[in-house]
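Colleague: quick one, fold the following:
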Amino acid sequence: MPTRLVVLVSGSGTNLQALLDACTDPAYGASVVAVGADRAGIEGLARAHHVGVPTFVVPVTDFTTRDEWDAALTAAVDGHDPDLVVSAGFMKVVGKRFLDRFAMVNTHPALLPAFPGAHAVRDALAAGATVTGATVHVVDEGLDTGPVLAQREVPVQPGDDEPTLHERIKEVERELLVQTVAELVAADATRETPR
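Modeller: Okay, here's the model as predicted:
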């Protein structure tokens, strides 16, 4: 039985696409069972529609409080019974209720703990970093503070600006996410195998 993934997105969904592509191989051991977003009309949702994966949208603006939004997001994800939730460019911080219910991993375009937050590539350039990279980490209640699962370096090249550097990081990020999810799936399968 493949590991059930719910993927959360906020934009173009290139990390999602990498997972969708990986899941076409039965040996990968996982299946994207739903894609959720915090806003409608984004490319990430279109990618899911294109391959027949169910989608849902839970906008923060539909709720009076973040706690109400967190409850609604938790319910929406729960309806798809995931084994693992993947934040793939999901630009919202989930709450305690959500994290108490689901195991969740996130990608981040820096070598955490360096440059947490939404502007990691810009911050790395502003700090004069010569090396940055990509991280896949467990999501906890902090901002990019959860345990690191995998990292890969990306050198900052002379003349890099935010778009060029971010694009090179995203290429590494996609590979790292696919590889890390595969490792989590394999470890989970090993634990569940009767001895």
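Colleague: got the buried residues for stretch 73-88?
Modeller: Of the residues in stretch 73-88, L73, T74, A76, V77, H80, P82, D83, L84, V85, V86, S87, A88 count as buried by neighbour count, 16 or more other Cβ atoms under 10 Å. No exception for glycine: its C-beta is placed from N, CA and C like everyone else's.
Colleague: tell me how many other residues surround the closest residue to the first one other than its chain neighbours.
Modeller: With Cβ to Cβ, 6 or more residues apart in numbering as the criterion, L73 has its nearest non-adjacent residue at 4.7 Å, and that residue is V58. With neighbours defined by other Cβ atoms under 10 Å, the count for V58 comes to 21.
Colleague: for V58, what are its contacts?
Modeller: The contact partners of V58, by Cβ atoms under 8 Å, 6 or more residues apart in numbering, come to G36, A37, D38, W69, A72, L73, A76.
Colleague: next, give phi and psi for the third one.
Modeller: Going back to what we said before, that points to D38. Here is the backbone geometry of D38 (degrees, to the nearest 10): phi -100, psi 0.
Colleague: next one: the fifth one
Modeller: Geometry field for A72 lists phi and psi as phi -70, psi -40, criterion degrees, to the nearest 10.
Colleague: how far away is it from R97?
Modeller: Separation of A72 from R97 (Cβ to Cβ, to the nearest Å) stands at 10 Å.
Colleague: any buried residues in stretch 148-161, and which?
Modeller: Buried residues in stretch 148-161 (16+ other Cβ under 10 Å): L149, Q151, V154, V156, D160.
Colleague: okay, it in PDB with CA atoms only?
Modeller: What follows is stretch 148-161 as a C-alpha-only set of coordinates in PDB (Å, rounded to 0.1, in the frame of the first residue of the first chain):
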ATOM      1  CA  VAL A 148      16.600  18.900   9.700                       C
ATOM      2  CA  LEU A 149      16.200  15.800   7.600                       C
ATOM      3  CA  ALA A 150      18.500  16.600   4.700                       C
ATOM      4  CA  GLN A 151      20.500  19.500   3.200                       C
ATOM      5  CA  ARG A 152      22.400  20.200   0.100                       C
ATOM      6  CA  GLU A 153      24.700  23.200  -0.700                       C
ATOM      7  CA  VAL A 154      24.300  25.600  -3.600                       C
ATOM      8  CA  PRO A 155      27.200  28.000  -4.200                       C
ATOM      9  CA  VAL A 156      26.400  31.700  -4.700                       C
ATOM     10  CA  GLN A 157      28.000  32.700  -8.000                       C
ATOM     11  CA  PRO A 158      29.300  36.200  -8.800                       C
ATOM     12  CA  GLY A 159      26.600  38.300 -10.300                       C
ATOM     13  CA  ASP A 160      23.800  36.200  -8.800                       C
ATOM     14  CA  ASP A 161      20.600  38.100  -8.100                       C
END
